[in-house]
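Asks: Sharing a model that was predicted from the sequence below.
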Amino acid sequence: MAVPPDWNTRNEALGALLARVALGDRAAFATLYRQTRAHLFGIILRINTDRGQAEDVLQEVFVNVWRSAATFNANLSPPWAWMASVARHRAIDSLRRRAATVETVSVRSSGDGDEVDLVDALPSELAGPSEVVGRAAEAASVADCMKGLANVQRQSLALAFYQGLSHAEVAEHLGQPLGTVKSWVRRGLLALRDCLERRRARGLS
């Protein structure tokens with residue numbers, strides 16, 4: 001993927017910012033956002049020309065970067081290439097979502113001249129307080145177990161499950177054979193499952 005010429009000397013600085021973001025440094029994240037948003041938005045807009053959707057995708061990209069910064073490995077991919085790849089795949093996903101969107105009519109007459117939105121009558125899909133707490137605990141357990149994986153396993157899983165890449169796309173992104181990537185993902189999932197089961201047995205999740 002093409003790297004803006006003036007960024008070739010800035011990858012080290014971007015890597016340092018990502019390392020701080022991985023530790024939850026919001027100031028570093030704000031700096032990273034300011035330094036990369038214009039270029040990333042350009043990548044997204046070339047794929048999805050709907051400016052409103054492209055802006056939404058840009059926000060998704062930075063949410064993804066915030067959540068996945070700990071999985072970034074500068075030895076496998078330069079910081080700019082990693083972030084640009086996230087932007088490209090998110091933009092492609094947005095086109096797929098748009099193509100799959102079905103227009104439906106949810107409004108009907110109530111019989112007395114008023115219109116009733118049928119969607120309002122559907123049960124809420126929002127999680128209740130206990131479910132929110134449970135999800136948070138589970139997410140914390142997964143995050144702790146991810147830290148115990150080998151770097152290549154952790155990055156492969158992050159690309160496959162957090163960013164939605166196929167095994168072939170992960171292999172292309174990391175510059176590794178497809179069979180190797182499949183092995184990393186499989187072993188990473190097994191190790192993650194074992195770790196989570198041990199935590200449950202100890203009552204930690």
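Replies: Good, I have the coordinates.
Asks: what about residue 147, how many residues close to it?
Replies: 9 (other C-beta atoms under 10 Å). For the C-beta atoms, the positions are set from N, CA and C on the backbone; glycine is no exception.
Asks: For residue 89, see how far away it is.
Replies: Between residue 147 and residue 89 the computed distance is 24 Å (C-beta to C-beta, to the nearest Å).
Asks: for residue 83, same thing?
Replies: Distance from residue 83 to residue 89, by C-beta to C-beta: 11 Å.
Asks: Look at residue 203 and say how many residues are nearby.
Replies: Neighbour number of residue 203 under other C-beta under 10 Å is 6.
Asks: wait, residue 156 sits on residue 178?
Replies: No: Residue 156 is beyond contact range of residue 178, at 11.5 Å (criterion: C-beta atoms under 8 Å).
Asks: and these two? which has more neighbours close in?
Replies: residue 156 (31 against 13).
Asks: name the helices or strands packed onto the biggest helix by length in the chain?
Replies: Taking DSSP state H as the criterion, the chain has its longest helix at helix 178-201. If you count contacts as 3 or more C-beta pairs under 8 Å, 6 or more residues apart in numbering; DSSP states H and E, helix 178-201 packs onto helix 129-147, helix 151-157, helix 167-174.
Asks: Where does the residue positioned nearest the centre of the chain sit: helix, strand or coil?
Replies: With distances taken as C-alpha atoms, centre = their mean, the residue of the chain nearest its centroid is residue 64 (3.6 Å). The three-state assignment at residue 64 reads helix, by DSSP: H, G, I helix; E, B strand; the rest coil.
Asks: Got phi/psi on the residue lying closest to it once chain neighbours are set aside?
Replies: Of all residues not flanking residue 64 in the chain, residue 86 sits nearest, at 5.5 Å (C-beta to C-beta, 6 or more residues apart in numbering). Main-chain dihedrals, residue 86, degrees, to the nearest 10: phi -60, psi -50.
Asks: Tell me, how many residues neighbour residue 86?
Replies: 23.
Asks: Ok, residue 37 next?
Replies: Residue 37, neighbours per other C-beta under 10 Å, totals 14.
Asks: which helices and strands sit right next to whichever strand or helix holds it?
Replies: Applying DSSP states H and E as the criterion places residue 37 in helix 26-47. Judged by 3+ C-beta pairs under 8 Å, 6+ apart, helix 26-47 is in contact with helix 11-22, helix 51-68, helix 79-100.
Asks: just how off-centre is it within its chain?
Replies: Offset of helix 26-47 from its chain centre (C-alpha atoms, centre = their mean, to the nearest Å): 15 Å.
Asks: So, low pLDDT: which residues of the protein?
Replies: 1-9, 99-140, 161-164, 204-205 (pLDDT under 70).
Asks: cutoff 80 now
Replies: Scanning the chain for pLDDT under 80 picks out 1-11, 73-77, 96-144, 157-166, 173, 199-200, 203-205.
Asks: Contacts only, for the residue nearest to residue 64.
Replies: Listed by C-beta atoms under 8 Å, 6 or more residues apart in numbering, the contact set of residue 86 reads 61, 64-65, 68, 163.
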